[in-house]
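Colleague: just a sequence and a predicted model for now, questions to come.
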Amino acid sequence: MTPDQEAKGERIMRLSFVLTHVVTISLLLTPAHAQKATEMFIPIGGSPGVSGISSVIGTIASCDQASSIVTISTEREQHTAMLTKETKIWIDGSAAKKSAAVGSPSDCQKGRRSEVKYVYEGTTRGTRAEWIKIQSE
């Protein structure tokens, strides 16, 4: 084999290595992106890898509109979440056989079942809510 052929073969091997890794990473990231795009349509407690793991499911114990703080009560404890401009608020209509809808802070009413996914800072759960799903009335 000539030096040119060896160099060409080495370039092809490097290119195939890079392409394999790009495709692998793309395939690993696609499900997460797809779930974010469709999250509002997943009923409370039904988000794979999220519900009950990086989210809290319970009942709204209080919602302070002025400070944008929601308190969720579970069987064991209470959790607070800060709603920001970036927080997505969705209405889960699945129990009433209705479509999901975009909600607003005024939908955070005491006694309604809800799920809050928190924003994580590294491996630590923060206090800001990434999204909140609230069961329709």
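Modeller: That came in fine, so what should we check first? Residues are numbered from 1 along each chain as shown.
Colleague: can you list the domain ranges for the chain.
Modeller: Following automatic domain parsing, one finds the domains of the chain at 1-41, 42-135.
Colleague: JSON lines for those, including mean pLDDT and mean neighbour count?
Modeller: Any C-beta I mention is one placed from the backbone N, CA and C, and that applies to glycine too. Output for the domains of the chain, formatted as JSON lines (pLDDT from 0 to 100; neighbours: other CB atoms under 10 Å):
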{"stretch": "domain 1-41", "mean pLDDT": "67", "mean neighbour count": "10"}
{"stretch": "domain 42-135", "mean pLDDT": "92", "mean neighbour count": "16"}
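Colleague: quick one: the helices in the protein?
Modeller: Ranges of helices in the chain, per DSSP state H, are 3-38.
Colleague: now do the strands in it.
Modeller: Ranges of strands within the chain are 55-64, 69-73, 78-82, 88-92, 101-102, 113-121, 124-135, based on DSSP state E.
Colleague: to residue 5, which of those strands lies closest?
Modeller: Closest to residue 5 of these, according to CB to CB: strand 113-121, at 50.7 Å.
Colleague: now do the closest one: which elements does it pack against?
Modeller: strand 55-64, strand 69-73, strand 78-82, strand 124-135 (3 or more CB pairs under 8 Å, 6 or more residues apart in numbering; DSSP states H and E).
Colleague: could you redo the last one with a cut-off of 10 Å?
Modeller: Applying 3 or more CB pairs under 10 Å, 6 or more residues apart in numbering; DSSP states H and E, one finds that strand 113-121 makes contact with strand 55-64, strand 69-73, strand 78-82, strand 88-92, strand 124-135.
Colleague: partners of the first one in the sheet?
Modeller: Each strand that strand 55-64 pairs with, and the sense of that pairing, follows from DSSP bridges: strand 69-73 (antiparallel), strand 113-121 (antiparallel).
Colleague: relative to strand 124-135, how tilted is the shortest one?
Modeller: This means strand 69-73. Interaxial angle of strand 69-73 relative to strand 124-135 (axes from the mean of the first three to the mean of the last three CA atoms, to 10 degrees): 80 degrees.
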